[in-house]
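In: here is my input; please provide its structure:
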Amino acid sequence: DGVRAALIAAGAGSPAGIERAASAVLAAREVRATITDLRELGSPVGYRAVDVRDEEAVRAAVKDIHAEHGRLDGIVYAAGVIEDRLVAEKSAESFRRVFATKVDGARVLLDAAGELPDGGPRFAVLF
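Out: Reported below is the predicted structural model:
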């Protein structure tokens with residue numbers, strides 16, 4: 001497709017590197033399209049990307065959002081690392097990386113939200 005062709009033309013590197021870069025570009029496009037759709041439907045939308053492995057950054061983001069809006073109504077958590085392999089081919093390190101991003105990241109985010117003065121959000125959706 002066009003994204004991969006542009007990355008190849010720009011000398012983006014190995015096939016695996018090109019695929020990672022293309023996935024990131026396509027994911028960013030999808031996020032922007034969803035935000036646009038929600039805004040066109042009249043919904044206020046905020047989107048913030050934070051490395052969930054950085055506990056301080058997560059806590060700071062939660063506090064900043066709460067300070068900016070006076071509340072935090074809900075959380076949609078979709079962090080993840082994709083390292084698709086057959087179980088027999090998956091290393092322990094790969095499992096730890098994927099698991100930590102999903103589970104530890106969610107725990108840090110929900111703990112930070114739970115420490116807010118008003119008790120935190122009314123809902124959380126975890127993907």
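In: okay, CA-based contacts and neighbour counts for the rest of this
Out: OK.
In: can you give me the strands in the protein?
Out: 74-77, 123-126 (DSSP state E).
In: out of these, which is the most enclosed?
Out: Comparing the strands of the chain by mean neighbour count (mean count of other C-alpha atoms under 10 Å), strand 74-77 ranks first with a mean of 14.
In: what residues does that strand touch?
Out: 106, 121, 122, 123, 124, 125, 126, 127 (C-alpha atoms under 8 Å, 6 or more residues apart in numbering).
In: any chance of CSV for those residues, columns pLDDT and distance to residue 26?
Out: Output for those, formatted as CSV (pLDDT from 0 to 100; distance: C-alpha to C-alpha, whole Å):
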residue, pLDDT, distance to residue 26
106, 94, 24
121, 92, 30
122, 92, 31
123, 94, 28
124, 94, 25
125, 95, 22
126, 92, 21
127, 89, 19
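In: as a markdown table, those with distance to residue 1 would be great.
Out: Shown next, in a markdown table, are these (distance: C-alpha to C-alpha, whole Å):
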| residue | distance to residue 1 |
| --- | --- |
| 106 | 34 |
| 121 | 40 |
| 122 | 41 |
| 123 | 38 |
| 124 | 35 |
| 125 | 32 |
| 126 | 31 |
| 127 | 28 |
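In: now residue 105, nearest residue through space, not along the chain?
Out: Nearest residue to residue 105, sequence neighbours excluded (C-alpha to C-alpha, 6 or more residues apart in numbering): residue 52, at 4.8 Å.
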